[in-house]
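*Asks:* Below is the sequence, then the predicted model.
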Amino acid sequence: MKEEVKVIPAGVPKSGRVWKVKQTARSSSQLQKGVLSHLAKSFEQKEAERQAKKNVKELEREMIEEKKARILAEKTRREEQQKRRQENEYKNATTQQLNPEKLKGMSKKQLRSVRKTSVNQFGQVELVSPYGGVSDNAKSKVKKSRR
């Protein structure tokens, strides 16, 4: 004859919280989350996590460097384009020599239509403000744009 084990029904908890699961294992033997979680991991697991984190950081750094390089390339492209535009504008403009004394007598409204240029030491033509002091440099020219 077999012994029959009587199963006692759990019943309703005194607190009334019927959705709570009855604990079967001791809390000290269960894996902890949070503060003590590092104790539950093996050295290999921790090393793998470190390596994964290191790989993510490296990938992130590479992406940031690529973005910086793209921005720098775009900036240099824009600068070169602006430079070409200015050179082309200067080539297409009609110029006329003006006397520096005439410039001094011009009103501000008249000076707005004047673009003064000078040749720098490398032989490149660059714009100079017509409002500033007029130099006696023989190479300086004044061009009046026709708008």
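*Replies:* Structure received. Residues are numbered from 1 along each chain as shown.

*Asks:* Regarding this structure, what is its longest helix?
*Replies:* helix 43-92 (DSSP state H).

*Asks:* Mind listing what's buried along whatever helix or strand comes next after that one?
*Replies:* Sequence order places helix 100-105 as the next helix or strand after helix 43-92, per DSSP states H and E. By 16 or more other Cβ atoms under 10 Å, the buried positions in helix 100-105 come out as Leu103. Placement of C-beta: from N, CA and C, glycine included.

*Asks:* what's in contact with whichever helix or strand comes after helix 100-105?
*Replies:* Following helix 100-105 in sequence order, the next helix or strand is helix 108-111 (DSSP H and E). Outside helix 108-111, the residues that touch it by Cβ atoms under 8 Å, 6 or more residues apart in numbering are Leu103, Pro130, Tyr131.

*Asks:* and helix 108-111, average pLDDT?
*Replies:* For helix 108-111, mean pLDDT is 86.

*Asks:* ok, back up a step: if you average the pLDDT over the longest helix of the chain, what comes out?
*Replies:* For helix 43-92, mean pLDDT rounds to 94.
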